[in-house]
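Undergrad: Following is a predicted model, sequence given first.
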Amino acid sequence: MNWAALKARGDARPTIRALFDANADRAIAFSLRADDLLFDYSKTHLSDADRDALLAMAEDADVSGKRDAMFTGEKINETEGRAVLHTALRNLSGDGVFLDGSDVMAEIEQTRARMAEFAIAVRDGSFKGQGGRITDVINIGIGGSDLGPAMAVLALAPYHDGPRTHFVSNVDGADIADTLDGLNADTTLVIVASKTFTTIETMTNAKTAFDWMAESVSDPAAQFAALSSSTEKTADFGISAERVFGFEDWVGGRYSMWGPIGLSLMIAIGPDNFTDFLRGGHDMDRHFKTAPLAENLPVLLALIGIWHNQGCGFSTRAVLPYEQRLARLPAYLQQLEMESNGKSVAMDGKDVPVHTGPIVWGEPGTNGQHAFYQLIHQGTRVVPCEFMVGIEGQEPDLTHQHDLLIANCLAQSEALMVGRSLDEAREIMRKKGLEGDELERQARHRVFPGDRPSTTLAYPKLTPYVLGQIIALYEHRVFVEGVMLGINSYDQWGVELGKELATALSPILSGEVSAEGKDGSTRMLVEHLGRR
Ligand SMILES: O=P(O)(O)OC[C@H]1O[C@H](O)[C@H](O)[C@@H](O)[C@@H]1O
């Protein structure tokens, strides 16, 4: 990968406005329609030649070959010796997906059918709590066993016609205490979601929920379900096999919401809507597998990411959905992107010679506009922005509010690109009656440098299908960026050390083990925080 050449291109980038001036059809030439999504990347610094160079880099990195290897069950997660087949969870084509020569689809479909049967029973009241029909469902999980369903349940609130859904993740007792407060144990279903069924936060919260349940009902385990790859451990916890929904280790935690980890979502919106969500993801898979690289949405999104981060040196990325119900999407994408591509060592064991995954963050618009957009417009760093907006909202009586929402979204990307010159700012100050030094001083504060890049993803309406498309789009984008960087996007060794040290610190904090050997700062903090 010729990173130096890409950097040279980034350094020599033309202004975005110059690119528009040079090509009257730039918006068409630098946008892509796939199914009913429109991805506009014309408000970036990418020229035809830069795009060609990036596409050539994608070809050199064998993105197509690696993509096919993923879909066909090769063990591309080399550091864990596993295949990467979360796409099989949403494979609705009827075609087999083979791993080591055997088709994995029968088991996936069987589990999905069991999930649907259980979800229907919870929704129609035929599965009951010991106090009657289930009114509340609590998903206890963290990371990939929390963020996906939590994000999607909020995103798809208009489709939510099942019991109330709650998510508990943090080991901070405040999380579970606040959630349990006011719930009736005898009409609550607790879903313990953990791929490994060893995660300390989840196991601790599950035990707390079990004890809470035991205070009110004679058979607490009867109101527990489990989602995991480790069925022995779910049995040890006492959860009956008929309410255990398993999946295999070739589904990564942050890619797992399409299968059993999505049970809370399925109960909330119903199996049919859940299938629509899968269909959206599956259709994006089909597009990713078949569209030529230059017309391939995940590939282009990845190339924009590589261009901004490794080409132009913009090391952060703001995700700005103009959709209040996508409030948890930035958090979801933080795990997806930063846990997948926050690595320094390439597949071959060598250091990656460039920065890897960007720092991803964001908030829904318009709220962010009144908070951090100041820095995006006038700060000293360039933050590429990824806007998202729907043609339609879900509130037929509030279309005027949706129009305002769209106007704000478009205004931001326009403002970022065109900016406001010093002369324009002077004119505004002159009209306000200022003159001389004061006019000059005030005008400078009102300059917007402009030439700041953004992309806009427009979708018809935030339906389950569209959410599936968007999530699968970002999953594949992360994969393509990972391939180009030469890293394994599917492991997460970087989370281990903190876990190990936390395990060692617990007995030190409780005074069972001495803090000797710890560094001075940690010893001081143990002494200060270990007081009861
Ligand atoms: O689903 P679990 O096994 O409980 O894991 C929950 C989460 O914790 C881990 O530390 C990983 O960083 C995440 O990738 C994972 O999603």
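TA: Happy to help now that I have it. Note that the structure is predicted; figures quoted are calculated from it, not measured.
Undergrad: how about the residues of the stretch 401-532 of the chain near the ligand?
TA: Applying Cβ under 6 Å from any ligand atom, we find that the stretch 401-532 of the chain lies next to the ligand at 492, 495. (C-beta placed from N, C-alpha, C; glycine too.)
Undergrad: Around the ligand, which positions in the stretch 1-150 of the chain sit nearby?
TA: Within the stretch 1-150 of the chain, the positions lying close to the ligand (Cβ under 6 Å from any ligand atom) are 142-145.
Undergrad: which two from those residues end up farthest apart in space?
TA: Across those, the longest distance by Cβ to Cβ is 8.3 Å; it joins 142 and 144.
Undergrad: Look at the two and report which has more neighbours.
TA: Comparing residue 142 with residue 144 by neighbour count (other Cβ atoms under 10 Å), the higher total belongs to residue 144, at 24 against 21.
Undergrad: can you confirm that one is in a strand?
TA: No: secondary structure of residue 144 (DSSP: H, G, I helix; E, B strand; the rest coil): helix, not part of a strand.
Undergrad: Look up how far residue 427 lies from whichever residue of the stretch 201-350 of the chain sits closest to the ligand.
TA: For the stretch 201-350 of the chain and the ligand, the shortest gap (Cβ to the nearest ligand atom) falls at residue 253, measuring 2.8 Å. To residue 427, residue 253 is 55 Å away according to Cβ to Cβ, to the nearest Å.
Undergrad: Between those two, tell me which one has more neighbours.
TA: Neighbours were counted for residue 253 and for residue 427 using other Cβ under 10 Å; residue 253 has more, 26 against 14.
Undergrad: can you tell me which residues contact the more buried one?
TA: Shown in contact with residue 253 (Cβ atoms under 8 Å, 6 or more residues apart in numbering): 143-145, 195, 492.
Undergrad: Quick one: which of those is the most crowded by neighbours?
TA: residue 145 (31 neighbours).
Undergrad: Spatially nearest residue to that one, not counting backbone neighbours?
TA: residue 193 (4.0 Å; Cβ to Cβ, 6 or more residues apart in numbering).
Undergrad: picking up where we left off before, and which of the residues of the stretch 1-150 of the chain next to the ligand is nearest to residue 507?
TA: For these, the nearest to residue 507 is residue 142 (22.4 Å; Cβ to Cβ).
Undergrad: separation between that closest one and residue 169?
TA: In terms of Cβ to Cβ, residue 142 sits 4 Å off from residue 169.
Undergrad: where do the contact lists of those two overlap?
TA: Common contacts of residue 142 and residue 169 (Cβ under 8 Å, 6+ apart): 201-202.
Undergrad: which parts of the stretch 201-350 of the chain sit against the ligand?
TA: 202, 253-254, 339.
Undergrad: mind putting these in TSV, pLDDT and secondary structure included?
TA: Listed next are those as TSV, based on pLDDT from 0 to 100; DSSP: H, G, I helix; E, B strand; the rest coil:
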residue	pLDDT	secondary structure
202	98	helix
253	97	helix
254	98	helix
339	98	helix
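Undergrad: Can you name the residues bridging to residue 322?
TA: With DSSP bridges as the criterion, residue 322 is bridged to residue 389.
Undergrad: I'd say residue 196 and residue 231 touch.
TA: No: Residue 196 is not in contact with residue 231 according to Cβ atoms under 8 Å; the separation is 12.0 Å.
Undergrad: So the residue nearest to residue 145 sits against residue 137, correct?
TA: No: counting by Cβ under 8 Å, residue 193 stays clear of residue 137, with 11.2 Å between them.
Undergrad: Give the intersection of the neighbour lists for these two.
TA: residue 264.
Undergrad: Who has more neighbours out of the two?
TA: More crowded of residue 193 and residue 137, by other Cβ under 10 Å: residue 193, with 33 against 23.
Undergrad: list the contacts for that one?
TA: Applying Cβ under 8 Å, 6+ apart, the residues near residue 193 are 139-141, 145-146, 149, 202, 226-228, 260-261, 263-264.
Undergrad: which non-adjacent residue is nearest the closest residue to the ligand within the stretch 401-532 of the chain?
TA: The ligand sits closest to residue 495 of the stretch 401-532 of the chain, with a gap of 3.9 Å, by Cβ to the nearest ligand atom. In space, and not counting its chain neighbours, residue 495 is closest to residue 339: 7.3 Å by Cβ to Cβ, 6+ apart.
Undergrad: Report the contact partners of the one you found.
TA: Contacts of residue 339 (Cβ under 8 Å, 6+ apart): 143, 254, 492, 494-495.
Undergrad: Can you tell me the SS state at residue 319?
TA: strand.
Undergrad: As a check, name the ranges of all helices in the stretch 351-500 of the chain.
TA: Along the stretch 351-500 of the chain, counting by DSSP state H, counting those that start in this stretch, helices occupy 373-378, 399-418, 422-431, 436-445, 464-485, 496-509.
Undergrad: residues of the second one that come out buried?
TA: The neighbour-count criterion (16 or more other Cβ atoms under 10 Å) identifies 402, 405-406, 409, 412-413, 415-418 as the buried residues of helix 399-418.
Undergrad: Among these, which one sits closest to residue 9?
TA: residue 417 (19.7 Å).
Undergrad: where's residue 122 relative to the ligand, distance?
TA: 22 Å (Cβ to the nearest ligand atom, to the nearest Å).
Undergrad: what helix or strand is that residue on?
TA: Following DSSP states H and E, one finds residue 122 within helix 105-124.
Undergrad: quick one, helices of the stretch 51-200 of the chain?
TA: Under DSSP H, counting those that start in this stretch, the stretch 51-200 of the chain gives helices at 63-71, 86-89, 105-124, 147-155, 173-180, 200-214.
Undergrad: can you name the farthest residue from the center of the chain?
TA: Distance from the centre of the chain peaks at residue 436, with 50.9 Å (Cα atoms, centre = their mean).
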